[in-house]
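>>> My questions are about this predicted structure, shown below with the sequence.
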Amino acid sequence: MKQILLIEDDVTFSNMLKKFMERHKYIVDVSYNISGANNLLKSNNYDLIFTDLRLPDGDGIALLKQIKQEQNLTPVVLMTSYAEVATAVQAMKQGAFDYISKPFNPNEVLEVITNALEIKENKDVVTKQPAISKKTNENSDFVTGISAASKTLNEYIHLVAPTNMSVLVTGESGTGKEVVAKNIHLQSLRKDKPFVAVDCGAIPKEIASSEFFGHKKGSFTGAVQDKIGHFEAANGGTLFLDEVGNLSYENQIQLLRALQERKIKPIGSSTEINVDIRLVTATNENLLEVVEKGSFREDLYHRLNEFSIEVPRLKDRNDDLILYADFFLNKANKQLNKSVVGFSKEVLTIFQNYEWPGNIRELSNIIKRATLLTTGELIEVNALPNKFFKTTEVKTFSENFSTKENEKELIISALEKTDYNRTQAAKLLNITRKTLYNKMKLYEI
Ligand SMILES: Nc1ncnc2c1ncn2[C@@H]1O[C@H](COP(=O)(O)OP(=O)(O)OP(=O)(O)O)[C@@H](O)[C@H]1O
């Protein structure tokens, strides 16, 4: 039977955890402090160490460092309170196998134990593969998250990915709808085939059918060569249509026909091409309301919505905030060739109290900017933009915009104010997303 050392000074809690582990057939020794743990470590060869972060005679991180210095390969799991997750993430960098935040979910405890013991079987892997890769998979540029909302989201992705169902991904701007679509593709049987992402909000309706289905050279003025459309480019793989609610009625009919017949005909061609695509679409508006208003076809809506996934707001994934912050900090460090270590406590408090209207995209932008401005080890409050400290006056935008003076400046200013979130910038300017795209093109922004 596997042996676990549990270091926890809260007697009631440690007794409860010990009993829970014993019920699952582990042998458990408990110590209420570090010195007691050191004595036990001298005379036992544990398979796993569970330690609280704060102990009466020191902290779990110091114990972790000591264990690593002694070349002891026993995996160490830190137990933290929610407020200490930032410290735990730092501890992971120093070699902790994983951390688990209180209050515990029994299944989570068992999962951590099983994973840790599995890794211990292959000692080489222990040092090379800290468990943070489970939560922050830098290779796929994706944070899985630990919050309840993220767990549900990941379960849905996992369930629907291997099917061929059309998925409608909803959620506010910047929540990661495209990332979800990409993950559905990567977890599907089509993963080795193309993933083609198309922003429907950016395609003028006149050229949409050529964009979707392609054209033959000379089929219309400007068709100087043959062009493959998105359907053909995605053949065998996944076609992701972002902002699908922006498609014109005529384009909706064309899309519906292509989906029903699974065949497309490039403009100017007489030959039909069979296409096998899995369709994932996204929208940040309530598409059912648009259907009720009559500007989105109901039959198309049902075809797109064989399964729907709602991506939660960042504010509703508070438990993930620090994981995301850490992920974007690492990314920014790499991109900007910096080595900022973390965030000051004040910054983390500000982050936790902020609403994040631009969601994950806003967090990523703010951290990149702050990393650039930081010369010390930690991102401090003075590296954050003013919007965290004052209420913004947004009304003036639409008023000024309607005068059509300084349009370019106003557009740039609205984009900056919304962290380049075009949907929100368009709202701020009181124009449609399509108009914003056209104006951005006009002013070469
Ligand atoms: N789970 C995640 N892990 C890492 N980065 C993420 C994750 N989710 C989103 N992001 C990042 O957040 C940003 C916004 O994500 P994405 O473009 O997918 O959002 P969206 O909901 O499609 O936005 P919009 O509605 O404006 O099109 C991107 O830079 C993306 O890489």
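Now that the structure is in, tell me what you want to look at. Please read all numbers here as calculations on a predicted model, not as lab measurements.
>>> Surely Leu336 and Leu372 touch.
Yes. Counting by Cβ atoms under 8 Å, Leu336 does reach Leu372; the two are 5.6 Å apart. Quick note: C-beta positions are derived from backbone N, CA and C, even for glycine.
>>> Which residues of this protein lie near the ligand?
Residues of the chain lying near the ligand by Cβ under 6 Å from any ligand atom: 141-143, 171, 173-179, 242, 282, 284, 327, 360-361, 364, 421, 423.
>>> quick one: the residue lying closest to Tyr354 once chain neighbours are set aside from Lys331, how far?
Once flanking residues are discounted, Tyr354 sits nearest to Phe388: 6.5 Å by Cβ to Cβ, 6 or more residues apart in numbering. Noted for Phe388: a distance of 21 Å to Lys331, by Cβ to Cβ, to the nearest Å.
>>> Check the offset of stretch 207-218 from the chain's centre.
In terms of Cα atoms, centre = their mean, to the nearest Å, the centre of stretch 207-218 is found 33 Å from the chain centre.
>>> Would you mind listing the buried residues in that stretch?
Buried residues in stretch 207-218, defined by neighbour count with 16 or more other Cβ atoms under 10 Å: Ala208, Ser209, Ser210, Glu211, Phe212, Phe213, Gly214, His215, Lys216.
>>> With stretch 350-366 instead?
351, 354, 356-366.
>>> can you tell me which of the residues you listed are in helices?
In this view, these that belong to helices under DSSP state H are Phe351, Asn359, Ile360, Arg361, Glu362, Leu363, Ser364, Asn365, Ile366.
>>> How far does stretch 300-320 sit from its chain's centre?
Centre to centre, stretch against its chain (Cα atoms, centre = their mean), the figure for stretch 300-320 is 12 Å.
>>> What of stretch 322-338?
14 Å.
>>> Now the chain against the ligand: closest residue?
Per Cβ to the nearest ligand atom, Gly176 is where the chain lies closest to the ligand, at 2.6 Å.
>>> and the residue lying closest to that residue once chain neighbours are set aside, what is it in contact with?
Distances taken as Cβ to Cβ, 6+ apart place Ile360 nearest to Gly176, at 5.2 Å, with adjacent residues excluded. Ile360 is in contact with Gly174, Thr175, Gly176, Leu314, Tyr324, counting by Cβ atoms under 8 Å, 6 or more residues apart in numbering.
>>> and which of the ones in helices among the buried residues of stretch 350-366 is nearest Met16?
Phe351 (32.2 Å; Cβ to Cβ).
>>> Skip the chain neighbours and tell me the closest residue to the closest one.
Leu321 (6.0 Å).
>>> what comes up buried for the one helix or strand the one you found maps to?
If you go by DSSP states H and E, Leu321 is part of helix 321-336. For helix 321-336, burial by neighbour count (16+ other Cβ under 10 Å) applies to 321-333.
>>> Repeat that for stretch 415-431.
Neighbour count says stretch 415-431 has 415, 417-419, 421-429, 431 buried, by 16+ other Cβ under 10 Å.
>>> residues near Ala234, how many?
Per other Cβ atoms under 10 Å, the neighbour tally for Ala234 reads 24.
>>> Surely it touches Pro194?
Yes. Counting by Cβ under 8 Å, Ala234 does reach Pro194; the two are 5.4 Å apart.
>>> returning to that earlier point: with pLDDT added, can I get the buried residues of helix 321-336 in CSV?
Listed next are the buried residues of helix 321-336 as CSV, based on pLDDT from 0 to 100:
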residue, pLDDT
Leu321, 92
Ile322, 88
Leu323, 88
Tyr324, 94
Ala325, 93
Asp326, 89
Phe327, 92
Phe328, 94
Leu329, 94
Asn330, 90
Lys331, 92
Ala332, 93
Asn333, 92
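>>> Throw those residues into CSV and include distance to Ile309, thanks.
Below are the buried residues of helix 321-336 laid out as CSV (distance: Cβ to Cβ, whole Å):
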residue, distance to Ile309
Leu321, 21
Ile322, 24
Leu323, 20
Tyr324, 19
Ala325, 24
Asp326, 25
Phe327, 21
Phe328, 23
Leu329, 28
Asn330, 27
Lys331, 25
Ala332, 28
Asn333, 31
